[in-house]
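K.L.:
how would this look folded up:
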Amino acid sequence: MSYLLKRLSEKNSWNKLFKQRLSEPLHLNIIAFFVFIFGSFRKKVAYDLVVRSQYAYGILSAAEQAKVHGLKRVSIIEFGVANGGGLMNMIAIAEQVTKATGVHIDIYGFDTGEGMPPPIDYRDHPEYYNIGDFPMNKALLEEKINGKATLIYGPIKDTLTDFKNKLNVEAPIGFVAVDVDYYSSTKEVLELFKFEAPYFLPLTNVYFDDIFMPHHNDKCGELLAIKEFNNTQEMREISHHPFFINQRIFKNAHWVKQLYFFHVLDHAYRSDLKRDRKAYVLDNPYLKFEGNKKQFD
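P.N.:
Next up is the predicted model:
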């Protein structure tokens, strides 16, 4: 609650509240008020009432998918920890998600620990970012997280191999938050998505933080790195789901357009041509015939 009050004291938070939340239909905001007071954690996620709604949705979705696949654990990652606000938020959300689903969350945070490296050229948006931005207070952050997340320091390209060796396919990656600002750094992050299929859920949520500002485009920054990745991968795809916005109650939040899906097309779950289940049978009200009412989501 203290963190929420602190955020509400910031001018930028009020701008976001007016532009993204209060521009939504009045009746939805009225319902959300009661959900905030009386609703379950799942309901609060559905109504975007958890701080960093994108993290709440991504982590809950990952845990629910893991449960469907019979898994007891799932891994989540934040690339670009900086001073740790996002990582600590992940920890708080993960605790609630575990209570709601029974699935345990392994949390990892990647960062140089020393602020941003030098930009390589215009593709890294030096008009927005530069060397040394977003430094970390390592000692204070590590004290606060108290072993509830694993911090991995150093250039991303130098740390991914060791990270892979520590990963367990019994706790596959289900949510990744990418907040590294640069094209060059994002390109290094996306090497993660070339790991073997069992290291991921078949559909993994990916949040890209730095794609909403006016100078961002398909020839620079994270968007360029995504495009290049997709162009070189035959069985992997990072894409924005155009109907995702229709699944959300509140549709004006920026994060809805920043949430992408990582499709692991070579995952065994998506490659098995046989399913051990009954055939789907559609109902037909004109014939007064009921099928098994399987719903496709």
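
K.L.:
Residue ranges in the stretch 1-150 of the chain under the pLDDT threshold?
P.N.:
1-18 (pLDDT under 70).

K.L.:
Show me where it has its helices.
P.N.:
Using DSSP state H, counting those that start in this stretch, the helices of the stretch 1-150 of the chain run over 2-8, 11-16, 26-38, 41-46, 53-68, 85-101, 138-145.

K.L.:
Give me whichever of those is most buried.
P.N.:
helix 53-68 (a mean of 22; mean count of other C-beta atoms under 10 Å). For glycine as for every other residue, the C-beta is placed from the backbone atoms N, C-alpha and C.

K.L.:
Give me the number of neighbouring residues for F193.
P.N.:
By the criterion of other C-beta atoms under 10 Å, F193 has 19 neighbours.

K.L.:
Confirm for me that it is in contact with F262.
P.N.:
Yes. F193 is within contact range of F262, at 6.0 Å (criterion: C-beta atoms under 8 Å).

K.L.:
and for those two, which residues touch both?
P.N.:
Both F193 and F262 are contacted by F200, R236, I238, under the criterion C-beta atoms under 8 Å, 6 or more residues apart in numbering.

K.L.:
Residues in a beta bridge with the last one, which ones?
P.N.:
Put plainly, it is I238. Taking DSSP bridges as the rule, I238 bridges to F262.

K.L.:
ok, it - contacts?
P.N.:
Applying C-beta under 8 Å, 6+ apart, we find I238 in contact with L190, F193, V206, I226, F229, N230, Y260, F261, F262, H263.

K.L.:
Would you state the strands of the stretch 101-250 of the chain in chain order?
P.N.:
104-111, 150-153, 173-178, 200-208, 236-239 (DSSP state E, counting those that start in this stretch).

K.L.:
Contacts for the second one next, please.
P.N.:
I take that to be strand 150-153. 81, 87, 106-113, 138, 141-142, 145, 159, 162-163.

K.L.:
so F208 bridges to which residues?
P.N.:
Beta-bridge partners, per DSSP bridges, of F208: V178.

K.L.:
next one: stretch 143-162 to chain centre, how far?
P.N.:
18 Å (C-alpha atoms, centre = their mean, to the nearest Å).

K.L.:
re the thing from before, as JSON lines, the helices of the stretch 1-150 of the chain with distance to P117 would be great.
P.N.:
As requested, the helices of the stretch 1-150 of the chain are arranged in JSON lines below (distance: least, C-beta to C-beta, whole Å):
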{"stretch": "helix 2-8", "distance to P117": "29"}
{"stretch": "helix 11-16", "distance to P117": "26"}
{"stretch": "helix 26-38", "distance to P117": "41"}
{"stretch": "helix 41-46", "distance to P117": "35"}
{"stretch": "helix 53-68", "distance to P117": "25"}
{"stretch": "helix 85-101", "distance to P117": "19"}
{"stretch": "helix 138-145", "distance to P117": "17"}
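
K.L.:
Quick one: closest of those to D218.
P.N.:
helix 53-68 (21.5 Å; C-beta to C-beta).

K.L.:
name the helices or strands packed onto the closest one?
P.N.:
On a contact count with 3 or more C-beta pairs under 8 Å, 6 or more residues apart in numbering; DSSP states H and E, helix 53-68 meets helix 41-46, strand 73-79, helix 85-101, strand 104-111, strand 173-178, strand 200-208, helix 255-258, strand 259-264.

K.L.:
If I take the third one and strand 200-208, what angle do their directions form?
P.N.:
Think helix 85-101. 140 degrees (axes from the mean of the first three to the mean of the last three C-alpha atoms, to 10 degrees).
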